[in-house]
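Q: give me the fold of what follows.
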Amino acid sequence: MSAAPTKVLVLGIDAASPDLLSRWALDGTMPNLAALMQRGLTGETRSLEGFFIASTWPSLYTGVTPARHGFHYTIQVKPGTYQYQYSSLMHDGFWSHLHRAGKRVALIDVPLSRVDPDLNGIHIVDWSGIEATFGFDTSPPALRHEIAARFGPYPLRRACDGLRRGAGEFGELVSQLELGVRKRADLALHYLAAGGWDFFMPVFTEAHCAGHQCWHLHDPAHPAHDPAIAAAIGDPLRRVYAAIDRAIGQIVAAAGDARIVVFSAHGMHHWYGAQGALPNILHALGVAQAPSVEPAPTGPGPAAVAAARWLWHMVPQPLREALYRLRTRAGNRFAGPPSLPGLDVDVRTSRCFVVRNGHATGGIRLNLIGREPNGVLAPGPAAEAFCAELTRDLLDITDERTGRPVARRVVRTKDLYTGERLDELPDLLVEWDDAVATGSVRHANGAGAMVRLHSAKIGTIAVANEYTRTGDHRIGGLFVAAGPGIRPGRLDRVVSIMDLAPTFTALVGVEMPGVDGRPIPELLSVTE
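A: Purely as a prediction, here's the structure:
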């Protein structure tokens, strides 16, 4: 009997709802996932508290917390400044341990990763352009041209984050995502057939895009739900998940007797919270001040940033590399679009300010003396007292739609994590309540898009969600593992996403030391 083309096959489904995966495995929508569940071990995963938006993937593949790898969002405030920069990662991914051990590895579109030029195998980054951060790149470099010649460009013609209206535009998006799944499966099958792999890992990013843009068409209870569009094109999420399931069936069949892990690291549900109001809340509380004079333009808004990122992705690789080298020589180590937003705050008088951290969990950074260039808040007892009062004030704010506190909790980052890069993270994390879905001014004439907040200190603040997204992330995910030595059943505990990296290396007999996660023993009854 010939050897399987890979010893370990890992299939990621980025930002897929674990509830939908389970439901659609049971009702026949995802029969290939159901078959794996029947013969394998199913369990729940949990991402990082406060950082389950952009930090999920870096934490997953490094096996350490954001306080150690330093990546909490795609753009972050550069230490010692008030300027945003593209985020850096100062920690090895699991594949570095594998290639140092002489293992042959294939990685296809692992989100928020950079190409490893030394990898023993192939590394493809951002081919799909969905949530692309660093641009399409490959190792070895010639692989980029081979992919372009054999598979062509990814089918999505417009950035995932874009205004779409009507059945025609949404139907086109879903059809392009379905085609993208098929092309990704073809690409994966082509390189899998080369054989001799120790570890083979494609990630399907299409569920991520569909969840953000189409949750309102999937969920009849969403305030922006349009039954006419849903009737015309069907459930977008169901269509995309079903396409991914067909691809899973093809790739699993081609992998032979490999050990298999299918997972979604974090989930998706309706858009929620009041992140857009957080700067105004801090102004109303008197802890942050708007700029005293009209500032010079510091960067584009979210839509322009998304467009710039997409255009950067479309720049031919030789030109992008030349621009990157120029920017590197100028002291900017971060690839990506050249323009970044600024902080809309008077840093000379504000005791704290909002920093980018996604929309599900707000990030607040203290303007500390000795850490920030114009710090006004003394560290120690003064900062502690300030945080305690700000926490009480934030928890006093109610959402008029529910009568409940708009924030589930406010937590100090240092109470969750320790590490050498802790100071690069937000100091306070505001976890927004997700009890009610928020609409968008871009859909259904703005139904449900307005959020009105009230407390004795802030009075009433109203803000409308102007983003096109109607779905956002949740902290929970799911995994299914099957193959030789893995007993079928249901794991009786939730595993951290940081446990996946050391489990992946252990499956091919390589230790990943010095990480915060630990291997999942139920997947390791057979070791190399």
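Q: state the pLDDT value of the closest residue to Leu368 other than its chain neighbours.
A: With Cβ to Cβ, 6 or more residues apart in numbering as the criterion, Leu368 has its nearest non-adjacent residue at 4.8 Å, and that residue is Gly375. For glycine as for every other residue, the C-beta is placed from the backbone atoms N, C-alpha and C. Listed pLDDT for Gly375 reads 97.
Q: which parts of the longest helix anywhere in the chain are buried?
A: Using DSSP state H to define each element, the chain has its longest helix at helix 166-192. By 16 or more other Cβ atoms under 10 Å, the buried positions in helix 166-192 come out as 170-174, 176-178, 180-181, 183-185, 187-189, 191-192.
Q: could you check how many residues crowd around the residue nearest to Leu368?
A: Residue neighbour count, defined by other Cβ atoms under 10 Å, stands at 15 for Gly375.
Q: what's the answer for Val77, then?
A: Residues lying near Val77 (other Cβ under 10 Å) number 21.
Q: tell me the bridge partners for it.
A: Val77 has these beta-bridge partners by DSSP bridges: Tyr84.
Q: quick one: it and Val355 touch, right?
A: Yes. Under the criterion of Cβ atoms under 8 Å, Val77 is in contact with Val355, at a separation of 5.6 Å.
Q: so what's in contact with those two at the same time?
A: When contacts are counted by Cβ atoms under 8 Å, 6 or more residues apart in numbering, Val77 and Val355 are jointly contacted by 343, 365.
Q: shouldn't Arg23 be within a helix?
A: Yes. Assigned with DSSP: H, G, I helix; E, B strand; the rest coil, Arg23 falls within a helix.
Q: what number of residues lie near Arg493?
A: Each residue near Arg493 was counted by other Cβ under 10 Å, and the total is 8.
Q: need phi/psi at it.
A: phi -150, psi 160 (degrees, to the nearest 10).
Q: name the nearest residue to it, sequence neighbours excluded.
A: Take Arg493 and drop its neighbours on the chain: the residue closest to it by Cβ to Cβ, 6+ apart is Gly43, 7.7 Å away.
Q: which phi and psi does the one you found have?
A: Recorded main-chain torsions at Gly43 are phi -150, psi 170, according to degrees, to the nearest 10.
Q: neighbours of it, just the number please.
A: As a measure of burial, Gly43 has 22 neighbours, counting by other Cβ under 10 Å.
Q: flag the shaky bits of the chain, pLDDT-wise.
A: When residues are selected by pLDDT under 70, those of the chain lie in 1-2, 293-339, 526-528.
Q: now do the nearest residue to Arg371 once chain neighbours are set aside against Val77, distance only.
A: Counting by Cβ to Cβ, 6+ apart, Arg371 lies nearest to Asp423, which is 6.6 Å off, once chain neighbours are set aside. In this structure, Asp423 and Val77 are separated by 11 Å, where distance is defined by Cβ to Cβ, to the nearest Å.
Q: how about the secondary structure of Ala388?
A: Secondary structure, three-state DSSP: Ala388 is helix.
Q: re earlier: is the residue nearest to Arg493 in contact with Leu491, as I believe?
A: Yes. The criterion here is Cβ under 8 Å, and Gly43 meets it with Leu491 at 3.3 Å.
Q: intersection of neighbour lists for these two?
A: Where contact means Cβ under 8 Å, 6+ apart, the residues bridging Gly43 and Leu491 through contact with each are Ile520.
Q: so what's the residue count around Ser22?
A: As a burial measure, the neighbour count of Ser22 was computed by other Cβ under 10 Å and equals 18.
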